[in-house]
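In: Sequence and predicted structure, then a few things I'm wondering about:
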Amino acid sequence: MDPKTEELAAALAEIRERVRARHPNGTVVADVTLPDLTRLLRARDLAEGKVASIGTVNPRPPGLLNSAAQSLKKTVARALNWHIREQVEFNRAVMDCVEATLEALNENNQMMAGLGPRLLENADAARQMDDIRSHWSSWRVEWEKKLGNSEIVHLKSIADLQAAFQQRLSQQESDYRQELQAQHSSFGAALARASGDIQEKVAADLDGMQQRLSGELEQLQKRFWSDLDEMQKRFWSDLERMRLEYEALIHAELRVTRQRAAFAPSPQTEAEPRAAEPAPEFVGVDWLKFAEKFRGSEAAIEQRQQMYAARFHQHAPVLDIGCGRGEMLAVFRAAGIEARGIDLNEDSIALCRSKGFDAVRADLFAYLHDLPDSSLGGVVCSQVVEHLPPERLPEMIRLLHAKLRTGALLAIETPNPESLAIFATHFYLDPTHRHPIPPALLSFYLEEAGFGGIEVERLSPAVETMPVLAELPEKFQKQFFGALDYAVFARKLG
């Protein structure tokens, strides 16, 4: 057989298997046979061929006669079409019914073929059940016999275990009672022995505690009355001090009110201020060189005056009276505080202007007189008041009070006469110094002019420049050789 024939045979076999799977025909199980639909399929195919040929014209050999016959037949077929139409429709309906019947039978065969394995399983189960039913009577008798024997053996084992357990329980209970009686006897003896010791110890402890409590109670009573007397003394002392302070405060407020009214300038009677008395002239003296030699370098002075920047941060514009070489102006500029300065020395003013500072040569009394009232936020006067005549200092403070706005800050720095070291070293080095001003006197002038919140801050401890003072007793050193300078800070009250 050639390869093509073999390939064709294989294809036919595959088609046959597909058709058999789709249209099963044969037996489902050994005793059940499916109906054979082959003859019905062949009859259907022949009937469909007859139905399809209705209305067609039989072919004949070609020729003129054939053409005429065919035309005649077509004409007759079209003429009879109305007569056979219903027969044709009936035939087609019958064939549709046959086709539906075949499909139903085919689906029934497929369903039966699917039920085949289940029927086989049910048949095997039925055979097994028949076998169990046939042997059940003999099996039941044997099983009941074995069950009875097993139950007897089990009950006997339980009885033996229960007897052993009961014997062991009785023995343990007897041992426990004996041990409990022995412990009770020993505990009673120990309790009787300890009872006497405890009673004696408790009695002794109670006596000791009673004695201690009596002593502590007496001490507490004495301390209570002593503390009460001390508290009464402090209370009356504080009450007396508060009364004196309150009276002093009222007196000070009344005095400030009277002085403010008395010192208020009148437009009709206001007189021109006197200029500061000229200091003695020292021809040929270089005062800038003098300041560098005896006061210190500009960098050292700026470092020492940094404290003013923190205090005057919210008090611009600030006037620096006696600006000198401009150290204070430099501190304020670095801190971003608006400030200007005045001084009588032309060389100092020229030096300040060369550094870009706002500075003018002017007498402080004339300059303050020309300023509008309440126009300044702060005033710094460093190392100036000791150069003024004694009677001009209160006048300067009253002028400053008029030119400062309410709440403005005033700072006056000067040598500290409380330290004896200032007279031995620095004060008389400057020939233009008039007299020292004690902190109490300067504070008094400020209170009289209407300033409040007065603070005295002592600067430049003498021991830093004269280490030999450290050999003195500490209290003596602080009392007589303390700070070389001091600064007074005050605010305008109103």
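Out: Received the coordinates, thanks.

In: Using the three-state scheme, assign K156.
Out: Three-state call for K156 (DSSP: H, G, I helix; E, B strand; the rest coil): helix.

In: Other residues contacting the helix or strand hosting D45?
Out: Secondary structure from DSSP states H and E places D45 in helix 38-53. By C-beta atoms under 8 Å, 6 or more residues apart in numbering, the residues outside helix 38-53 that reach it are N25, V88, N91, R92, V94, M95, V98, E99, L102, L105. For the C-beta atoms, the positions are set from N, CA and C on the backbone; glycine is no exception.

In: So which of the residues you listed is the closest to I152?
Out: Of all those, I152 sits closest to N25, with 65.2 Å by C-beta to C-beta.

In: At which residues are the strands of the protein located?
Out: Remark: strands assigned in the chain by DSSP state E are 27-29, 32-33, 318-321, 339-343, 359-361, 376-382, 404-415, 451-461, 483-492.

In: And the fourth one, what does it pack against?
Out: Right, strand 339-343. strand 318-321, helix 327-334, helix 346-354, strand 359-361 (3 or more C-beta pairs under 8 Å, 6 or more residues apart in numbering; DSSP states H and E).

In: make it 6 Å
Out: Applying 3 or more C-beta pairs under 6 Å, 6 or more residues apart in numbering; DSSP states H and E, we find strand 339-343 packed against strand 318-321, helix 327-334.

In: Now do R398 against Q181, distance only.
Out: According to C-beta to C-beta, to the nearest Å, R398 and Q181 sit 111 Å apart.

In: out of the two, which sits in the busier spot?
Out: Between R398 and Q181, counted using other C-beta atoms under 10 Å, the more crowded position is R398 (17 against 10).

In: check contacts around the spatially closest residue to the more buried one that is not a sequence neighbour.
Out: Sequence neighbours aside, A449 is the residue nearest to R398 in space, at 5.1 Å (criterion: C-beta to C-beta, 6 or more residues apart in numbering). A449 sits next to I397, R398, H401 when contact means C-beta atoms under 6 Å, 6 or more residues apart in numbering.

In: so how many other residues sit close to the last one?
Out: Neighbouring residues of H401 were enumerated by other C-beta under 10 Å; the total is 23.

In: and what of the first one?
Out: Other residues near I397 number 22, with proximity taken as other C-beta under 10 Å.

In: How confident was the prediction at it?
Out: Note on I397: pLDDT of 93.

In: what sits against it?
Out: Y445, A449 are the contacts of I397 under C-beta under 6 Å, 6+ apart.

In: run the last query once more with 8 Å
Out: So I397 contacts Y445, L446, A449, F451 (C-beta under 8 Å, 6+ apart).

In: The first one: what's it in contact with?
Out: Each residue near Y445 by C-beta under 8 Å, 6+ apart is listed here: L393, P394, I397.

In: The last one now?
Out: Neighbour list for F451: I397, H401, L410, A490, R491, K492, L493 [criterion: C-beta under 8 Å, 6+ apart].

In: neighbour-wise, which of these leads?
Out: Highest neighbour count within the contacts of F451, by other C-beta under 10 Å: A490, with 27 neighbours.

In: Please name the nearest non-neighbouring residue to that residue.
Out: A490's closest residue in space is F451 (C-beta to C-beta, 6+ apart), at 3.8 Å.

In: Enumerate the beta-bridge partners assigned to the one you found.
Out: K492 (DSSP bridges).
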